[in-house]
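K.L.:
task: produce atomic coordinates for the following.
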Amino acid sequence: MSLSKRVLSAFLVAAMCITVLYTGNQVKEEEEKNIFDQTATLHLWYTDEALTDYLGSMAVKYSEEYGIRVIPVLQSGLELLEKINEASLSKENTPDLFIATNDIIEKAYLTGLAMPIDNYDQAVGLTNFPESAVHAVTYHQEIIGYPFYYETSALLYNKTYLKDMAKKMIEEEEKAAQEEAAPEESGEEQAQEQPSRDLEQLAEEKISSMIPTTFEKLLEFADNYDAPENVEAVFKWDVADIFYNYFFAGNYINAGGMCGDNTDAFDLYNEEAIRALMVYQKLSDYFAIDASTVDYNSVIGEFMEGKVVMTTATTDIVGKLEKAKEEGNFSFDYGIATIPRLTEDMETKGMSVTNAIYINGYSPLKAEANDFARFLVLDHAEELYEATGKVTANKNVVHDNIHLNTFMNEYQDSAPIPKVMAASNLLIKMEIMFDKIWEGEEVSGQLKQLSEEMMTQITGQPYEEEYIKIKEEYQEYIEYSQD
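P.N.:
Residues are numbered from 1 along each chain as shown. Coordinates of the predicted model:
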């Protein structure tokens, strides 16, 4: 072989070696890159499409700041835990963290799909969240999730109607005072001296004192209210949905203790709860709402048309009314207040549902998942409402819309939805019981039946309560007028 051919052959062999070496290095680098990507990629599962844009933008920010990729994955809410379990066992795109309501905690924890969070610096504590939020994510004294956003109810009222009423009351009070004082100037001259803005300001200040603080006062308000022609009901709410009824008995029933996780802490049948439900039943005589035809959306629709003065509403109402005002579909001012007490001596307590972020016990990236959850609920909580319409559970966020801050006050005093699996149908059974009581069934007997059914489920043994009879005279503590 000539020298030139030998040189050429050697060159070709060397080139092949270099090519193989280069290709081999490329494959190795790609494999290392793939391994790195898997290690540095978090998969977050969620079920509410309203979160999509927000989670996407937060994923980008987190990646830019920390170099860890986050992939939000929208899932159907049906059988979410079962899907997470299947994905975790297959180890293919295992969800490292997921968003769900707090009532799934017991099942998720016992199956290993949710684990206690890495709560360093007491991130989930009373410094950042109200007590109700901490209780909502607590299971047997362990913090299982990061409170993300919540839902609860409050009193919604037509502020325009109340302001008009306040002006009329002020004018009548001033007229009476003028007549009593018999001033030298005529009433007309005094009216000219008094700028109209003063009346506006005085009426604005008077509204807060006009909002009923008890249902007794609400009935008194309804009796004395000179309603505009358009008004069909002073107070109307969705009596068919337990979420808008729970507050009537919420302060007097114990469904699993403060955290809703204790099967030894169930007390549904007691004298106070019976009395509270008797107040609820008497309201049916006054307001005569048909539970079979009413629902939340229909009531809100009537409120927006000015046909209803007051109702109970959830946090979504703020965004809905603000949007309607912008589009010219809602011509009134509105306000949000706390739910009235039953009476001066009897309190109400609403129910709340907290959506939380959970760390999958099967995730290989638990530390990274914890850090991203903290990133959402602590570092960027103030951006949540604007992007999603969901109200953050972080109590340190002060909203521009003051009505959202009122909802936070209600949330702080609410009862978290129970998480005991043995009582998972409690709210359904309560809804049935409320419906029967609204239709006139005997209160003590209905509550007794509910308690016996739930205690039988929880204990696994037939359970019987001793019947509680309430004195008849108590039932007359409020006089109802149909006039």
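
K.L.:
okay, CA-based contacts and neighbour counts for the rest of this
P.N.:
Noted.

K.L.:
just the residues contacting the host helix or strand of residue 164, thanks.
P.N.:
Assessed by DSSP states H and E, residue 164 sits inside helix 159-181. Under the contact criterion C-alpha atoms under 8 Å, 6 or more residues apart in numbering, helix 159-181 has outside partners 187, 199-200, 202-204, 206-207, 210, 309, 332-335.

K.L.:
if we use 7 Å, what do you get?
P.N.:
For helix 159-181, the external contacting residues (C-alpha atoms under 7 Å, 6 or more residues apart in numbering) are 199, 203-204, 206-207, 332-335.

K.L.:
over to stretch 357-364?
P.N.:
88, 94-100, 112-115, 117, 144-148, 366, 369-370, 373.

K.L.:
next step: those restricted to helices.
P.N.:
88, 366, 369-370, 373 (DSSP state H).

K.L.:
which pair in these spans the largest distance?
P.N.:
The most widely separated members of these, counting by C-alpha to C-alpha, are 88 and 373 (19.0 Å).

K.L.:
neighbour count for those two, which is higher?
P.N.:
residue 373 (24 against 19; other C-alpha atoms under 10 Å).

K.L.:
ok, that one to residue 167 distance?
P.N.:
Note on residue 373: its distance to residue 167, by C-alpha to C-alpha, to the nearest Å, is 50 Å.

K.L.:
still on that earlier bit, would TSV of the ones in helices among the contacts of stretch 357-364 with distance to residue 305 be doable?
P.N.:
Output for the ones in helices among the contacts of stretch 357-364, formatted as TSV (distance: C-alpha to C-alpha, whole Å):
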residue	distance to residue 305
88	50
366	50
369	46
370	46
373	41
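
K.L.:
from the residues you listed, pick the one nearest residue 298.
P.N.:
residue 373 (36.9 Å).

K.L.:
what are the boundaries of the strands in the stretch 301-450 of the chain?
P.N.:
With DSSP state E, counting those that start in this stretch as the criterion, the stretch 301-450 of the chain has strands at 308-314, 334-337, 351-359, 391-392, 415-416.

K.L.:
please identify the deepest-packed of these.
P.N.:
When you average the neighbours per residue for each of the strands of the stretch 301-450 of the chain (mean count of other C-alpha atoms under 10 Å), strand 415-416 leads with a mean of 28.

K.L.:
pLDDT (mean, whole number) over that one?
P.N.:
Across strand 415-416, pLDDT averages out at 96.

K.L.:
same check, this time on stretch 388-408
P.N.:
96.

K.L.:
same thing with stretch 155-170?
P.N.:
Stretch 155-170 carries an average pLDDT of 95.

K.L.:
what residues of that stretch count as buried?
P.N.:
155-167, 170 (16 or more other C-alpha atoms under 10 Å).

K.L.:
quick one: which two of those residues are the most distant?
P.N.:
So, these by C-alpha to C-alpha: farthest apart are 155 and 170, at 24.5 Å.

K.L.:
what is the burial count for residue 173?
P.N.:
Counted with other C-alpha under 10 Å, the neighbours of residue 173 add up to 12.

K.L.:
residue boundaries of the helices in the stretch 301-450 of the chain?
P.N.:
Under the criterion DSSP state H, counting those that start in this stretch, the stretch 301-450 of the chain contains helices at 316-326, 366-374, 384-388, 402-412, 426-438, 443-459.

K.L.:
need these in TSV with distance to residue 302, can you?
P.N.:
Below are the helices of the stretch 301-450 of the chain laid out as TSV (distance: least, C-alpha to C-alpha, whole Å):
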stretch	distance to residue 302
helix 316-326	13
helix 366-374	40
helix 384-388	25
helix 402-412	20
helix 426-438	22
helix 443-459	30
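
K.L.:
what packs against whichever strand or helix holds residue 285?
P.N.:
For residue 285, the enclosing helix or strand under DSSP H and E is helix 271-287. For helix 271-287, the elements it packs on are helix 426-438, helix 443-459, judged by 3 or more C-alpha pairs under 7 Å, 6 or more residues apart in numbering; DSSP states H and E.

K.L.:
out of these, which is closest to residue 139?
P.N.:
Nearest to residue 139 among the helices and strands packed on helix 271-287 is helix 443-459; the distance by C-alpha to C-alpha comes to 17.1 Å.

K.L.:
contacts for that closest one, please.
P.N.:
263, 268-269, 274, 277-278, 422-423, 429, 433, 437, 462-465, 468.

K.L.:
now stretch 239-250
P.N.:
Stretch 239-250 is contacted by residues 153, 238, 273, 276-277, 280, 291, 295, 312, 348-351, 427, 430-431, 435 when judged by C-alpha under 7 Å, 6+ apart.

K.L.:
which among those residues end up buried?
P.N.:
Buried, going by 16+ other C-alpha under 10 Å: 153, 238, 273, 276-277, 280, 291, 312, 348-351, 427, 430-431, 435, out of the contacts of stretch 239-250.

K.L.:
low-confidence regions, the stretch 51-200 of the chain specifically.
P.N.:
182-197 (pLDDT under 70).

K.L.:
can you give me the strands for it?
P.N.:
69-74, 97-101, 138-139, 142-143, 145-151, 153-158.

K.L.:
so the longest one versus helix 366-374, what angle?
P.N.:
When you say that, I think you mean strand 145-151. For strand 145-151 against helix 366-374, the angle by axes from the mean of the first three to the mean of the last three C-alpha atoms, to 10 degrees is 30 degrees.

K.L.:
for strand 145-151, list the C-alpha coordinates in PDB.
P.N.:
Extracted in PDB, the C-alpha atoms of strand 145-151 (Å, rounded to 0.1, in the frame of the first residue of the first chain):
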ATOM      1  CA  GLY A 145     -50.900  20.500  53.100                       C
ATOM      2  CA  TYR A 146     -50.300  24.100  52.200                       C
ATOM      3  CA  PRO A 147     -53.600  26.200  52.400                       C
ATOM      4  CA  PHE A 148     -54.000  27.700  48.900                       C
ATOM      5  CA  TYR A 149     -57.400  29.300  48.500                       C
ATOM      6  CA  TYR A 150     -60.800  28.900  50.200                       C
ATOM      7  CA  GLU A 151     -64.600  29.200  49.800                       C
END
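
K.L.:
adjacent strands (with direction) for that strand?
P.N.:
strand 351-359 (antiparallel), strand 391-392 (antiparallel) (DSSP bridges).

K.L.:
that older thread, list the contacts of the helix holding residue 285.
P.N.:
By C-alpha under 7 Å, 6+ apart, the surrounding residues in contact with helix 271-287 are 248-249, 252-253, 437-438, 440, 443-444, 468, 480, 482.

K.L.:
those: which two are farthest apart?
P.N.:
253 and 482 (31.0 Å).

K.L.:
same drill for those two, tell me which one is more crowded.
P.N.:
Legend: neighbour count by other C-alpha under 10 Å for residue 253 and residue 482, higher for residue 253 (19 against 7).

K.L.:
wait, isn't that one in contact with residue 268?
P.N.:
Yes: using C-alpha atoms under 7 Å, residue 253 is in contact with residue 268, at 4.8 Å.

K.L.:
for stretch 68-75, list every residue counted as buried.
P.N.:
Neighbour counts over stretch 68-75 (16+ other C-alpha under 10 Å) mark 68-72 as buried.

K.L.:
turn those into CSV, columns for distance to residue 342.
P.N.:
Shown next, in CSV, are those (distance: C-alpha to C-alpha, whole Å):
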residue, distance to residue 342
68, 52
69, 51
70, 48
71, 48
72, 44
